[in-house]
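K.L.:
can you look at this prediction? I've put the sequence above it.
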Amino acid sequence: MANIAQAMRDETATPIQRGLKEALYGGAISFGLFFLFIGLRTDQNISNELILVPRWGLLAIVVGLVMVVRFFYVAYAQPFMARQKIVNVTSGLLPDSVATRFFRLPYFIAALVIAVALLVFAGSLDGIFGPALAGYMRFFRALAIIYALASVLFYFRTFISAHFSALGIGVLVAYPIVVVLVLTLINGSMASGFQGSLKWVDNFGIQILIYVMLAWGLNIVVGLAGLLDLGYVAFYAVGAYAYALLATHLGWSFWILLPVAGIMAAFWGVMLGFPVLRLRGDYLAIVTLAFGEIIRLVLINWREVTNGAAGISGIPKVSFFGLMSFNVSDPNYIAKVLDIAQSGAYYKIFLYYLILGLALLTAFVTIRLRRMPVGRAWEALREDEIACRSLGINTTTTKLTAFATGAMFGGFAGSFFAARQGFVSPESFVFLESAIILAIVVLGGMGSLVGIAVAAAVMIGGTEILREMEFLKVVFGPDFTPELYRMLLFGMAMVIVMLWKPRGFVGSREPTAFLHERKAISSSFTKEGHG
Amino acid sequence: MQYFVQQMVNGLTLGSIYGLIAIGYTMVYGIIGMINFAHGDIFMLGAFVALIVFLILTSLFYSVHVVLFLLVMMVVAMVMTSLYNWTIEKVAYRPLRGSFRLAPLITAIGMSIALSNFVQVTQGPRNKPIPPMVSTVYNVNGISISLKQIIIVVVTVSLLALFWYLVNKTSLGRAQRACEQDRKMAALLGIDVDRTISITFVMGAALAAVAGTLFLMYYGVVAFSDGFVPGVKAFTAAVLGGIGSLPGAMLGGLMIGFIESMWSAYFSIDYKDVAAFSILAIVLIFLPSGILGRPEVEKV
């Protein structure tokens, strides 16, 4: 009864009243949560004893912020979202969507003018506004550019969604060239264009594509075969160490060791697969997690071979199929062969195309395998294992091939990672990496390659871009380091995206087998398997 | 022989802490069937709350009896950590209940990352050492047993007794067991399922907080990243004992504790975690649902 009375009071309360109530409630809870952790800080004094430093001001700000956000969410955002679902009585149409109201031509023109104006006067901003205000102006400029780009995307949305894969591949192929050209135009010289592109191609392009490839590889195990693997990073580690050890000891080329690393990882995939064949669901999850940790612990402790926590350094670079090398001292250094200026950017751009090729290979193989008997068997296994067995599918080999194929791509990505870094250590293969890769697969909508790529770009690119947010120093003071908040925001983003779209970014599936016409269905109808 | 008994004592201490954390995993798994990945970090939060309370107490009172100290730390840690777990359940898990199985797993991993980084951001990344609270060591027939170890075992045993009573003899425990068997039917019979699940999270967090306080007292140091390894081992313990079973969790915790201390005593300390994980894999191959777990029957 109490619940019903409560619900009725909630019905009659206006949104503002409800908002105020919820804000007080949220404020009280957040005060309880943050009182000890934000209000007090443990610090070390000169004699190395822990002391407490109070930060009541910060606590008040955080609690106040929570209350304000909660109030606006309950009082305005919730009723607004509810209204969006109600049809207009007279016209019989749904109200204009938020997007069409947000992206309008006058706004677009204004944003374009602001962006261009601020770009033209970029050099003299400090002089006009002073350094503090100029920081805000740069932030404003970035917002205007993002808005203008988003408007363009929104305007062409039907075209984009119709040709998403082709456009995506086109953008990815053109990306380094565009970055170099734009930076050359801004800085006025080719050399500085290449130099400036390093960060964008390496930190964003290569970093995101490695995760795309890993997530696509894990997708075979989790998304297609429905086997929950929490230790995928182990195969990544096997590939990386295979290349690192064989290349430094035997001096073999990357192009020979790439398939070797893949085969090694696939072998370990089968090794893991055998004992866990009988396990299901969460038991499978914990054993794969344990396997990942075992591999990492062995890498740390088997010092004679792996050099322990110090890792292996001096891993040779990839060569351009033996024709050109990227070592400045070699006679066939690329700048000497092609007779151009020396730059470290060539290697990064080459690596970018290499990982792009490897990732696309993963996608191609996945798409092809889904249409082959083994791929169909994986998906059937995910939907219903008992039905599979009664129809004569050998579940043992099906599971093992899924593990082996997924692991092989992890191994490829690992050897690429070793070649790119020039250094591997067990630090790079912690459980967090497995969790991030799994999160990308699930956030993208398990089984959807496009969704996974989008999720990787959003999650990895989003956290990488935090490193670039220099203007935040203007707001929060000079010793504010946005990198510190990177993983905190990453974790919160995982929670928020999952609450917002529990089925991932792409919530529909294209069947590979169909009777009359290919019709995409909601992914709620596909099962997730239970190991 | 003395050496062996000594290692038994060490293993018992370690196992008690793992067992306390593992109960939180197993209770949550039993009732809603999800792996609460953030539980290890809840344990770490408990240790941090205890640390901060310890610092407040030492700055306020010059000398108080150590038992009183520990008691206050434990109670405050239980309350604060419960509040965290309660909020997390409400915000991150409840909206996804009934959604597909991997969704709450991902939010739990996200919460785990967010919690440990929250502590890193607010309290700093360094190790936080405290002066030893209890330093008495007894010598029984050449085996040294420290007062710390006795406190850990006594606290664990008394908490287990309390929990056994709560789960088996009270209406709350009956509601929990009913929800575990069939949530819909329990709701039809007038059990407030949401409330029961919230209380389960609160209970799990309270035990983890006690484990955190004991961990801080035993090792005298805590850092923001300390949640992961004990968390994974406690989860391993829960699975080893048969997830969903309370005695199984404690048994698994003790087993992991013994394996670890024996392995580091007789073989190599480097590979103690490898040993624990390998034994988990081996046990699961022969007993796919753990030692005390009920085998999963699949209906077609």
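P.N.:
Arrived safely, thanks for sending.
K.L.:
residues contacting residue A:288?
P.N.:
With contacts defined as CB atoms under 8 Å, 6 or more residues apart in numbering or on different chains, the neighbours of residue A:288 are A:228-232, A:272, A:276. Any C-beta I mention is one placed from the backbone N, CA and C, and that applies to glycine too.
K.L.:
can you show me the helices along the stretch 201-350 of chain A?
P.N.:
Read by DSSP state H, counting those that start in this stretch, the stretch 201-350 of chain A holds these helices, from start to end of the chain: A:207-219, A:233-250, A:254-276, A:281-301, A:303-306, A:334-338, A:345-371.
K.L.:
quick one: which of the ones you listed is nearest residue B:148?
P.N.:
Closest to residue B:148 of the helices of the stretch 201-350 of chain A is helix A:281-301 (CB to CB; 27.5 Å).
K.L.:
pLDDT of the closest one, averaged?
P.N.:
Per-residue pLDDT values across helix A:281-301 average out to 87.
K.L.:
that helix to helix A:254-276, inter-axis angle?
P.N.:
The directions of helix A:281-301 and helix A:254-276 differ by 130 degrees, with axes from the mean of the first three to the mean of the last three CA atoms, to 10 degrees as the criterion.
K.L.:
report the distance from helix A:281-301 to the chain centre.
P.N.:
A distance of 23 Å separates the centroid of the chain from that of helix A:281-301, by CA atoms, centre = their mean, to the nearest Å.
K.L.:
what does stretch A:358-368 give?
P.N.:
Using CA atoms, centre = their mean, the distance from the centre of stretch A:358-368 to the centre of the chain it belongs to is 18 Å.
K.L.:
list the contacts of that stretch.
P.N.:
By CB under 8 Å, 6+ apart, the list of residues contacting stretch A:358-368 from outside reads A:169, A:209, A:212-213, A:216-217, A:219-220, A:224, A:375, A:405, A:409, A:412-413, A:416, A:449.
K.L.:
just the buried ones from those, in ChimeraX syntax?
P.N.:
If you want just the buried ones from these in ChimeraX, going by 16 or more other CB atoms under 10 Å in any protein chain shown, the selection is:
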select /A:209,212,213,216,217,219,220,224,375,405,409,412,413,416,449
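K.L.:
which one among the contacts of stretch A:358-368 gets closest to chain B?
P.N.:
When the contacts of stretch A:358-368 are compared for distance to chain B (CB to the nearest CB), residue A:219 comes out closest, at 12.6 Å.
K.L.:
relative to residue A:212, how far out is the closest residue to that closest one other than its chain neighbours?
P.N.:
Setting aside the residues directly before and after it, residue A:219 is nearest to residue A:441 in space (CB to CB, 6 or more residues apart in numbering or on different chains), at 5.3 Å. Using CB to CB, to the nearest Å, one obtains 11 Å as the distance from residue A:441 to residue A:212.
K.L.:
quick revisit: so which of the contacts of residue A:288 reach chain B?
P.N.:
Restricting those to those within reach of chain B (CB under 8 Å from any CB of the partner chain) leaves A:228, A:276.
K.L.:
in JSON lines, list the contacts of residue A:288 along with pLDDT.
P.N.:
Compiled in JSON lines, the contacts of residue A:288 are given as follows (pLDDT from 0 to 100):
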{"residue": "A:228", "pLDDT": "87"}
{"residue": "A:229", "pLDDT": "89"}
{"residue": "A:230", "pLDDT": "89"}
{"residue": "A:231", "pLDDT": "90"}
{"residue": "A:232", "pLDDT": "93"}
{"residue": "A:272", "pLDDT": "84"}
{"residue": "A:276", "pLDDT": "78"}
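K.L.:
by neighbours, which of the contacts of residue A:288 wins?
P.N.:
Of all the contacts of residue A:288, the highest neighbour tally under other CB atoms under 10 Å in any protein chain shown goes to residue A:229, namely 33 neighbours.
K.L.:
mind listing what it touches?
P.N.:
For residue A:229, the set of contacting residues under the criterion of CB under 8 Å, 6+ apart consists of A:218, A:221-222, A:284-285, A:288, A:403, A:406, A:434, A:438.
K.L.:
could you check the angle the lengthiest helix in chain B makes with helix A:281-301?
P.N.:
Longest helix of chain B, by residue count under DSSP state H: helix B:2-32. Helix B:2-32 and helix A:281-301 meet at an angle of 140 degrees, taking the same axes, to 10 degrees as the criterion.
K.L.:
for the helices of the stretch 201-350 of chain A, which one ends up most surrounded?
P.N.:
Of all those, helix A:207-219 carries the top mean neighbour count, a mean of 27, counting by mean count of other CB atoms under 10 Å in any protein chain shown.
K.L.:
which helices and strands sit right next to that one?
P.N.:
For helix A:207-219, the elements it packs on are helix A:345-371, helix A:395-421, helix A:431-443, helix A:449-456, judged by 3 or more CB pairs under 8 Å, 6 or more residues apart in numbering or on different chains; DSSP states H and E.
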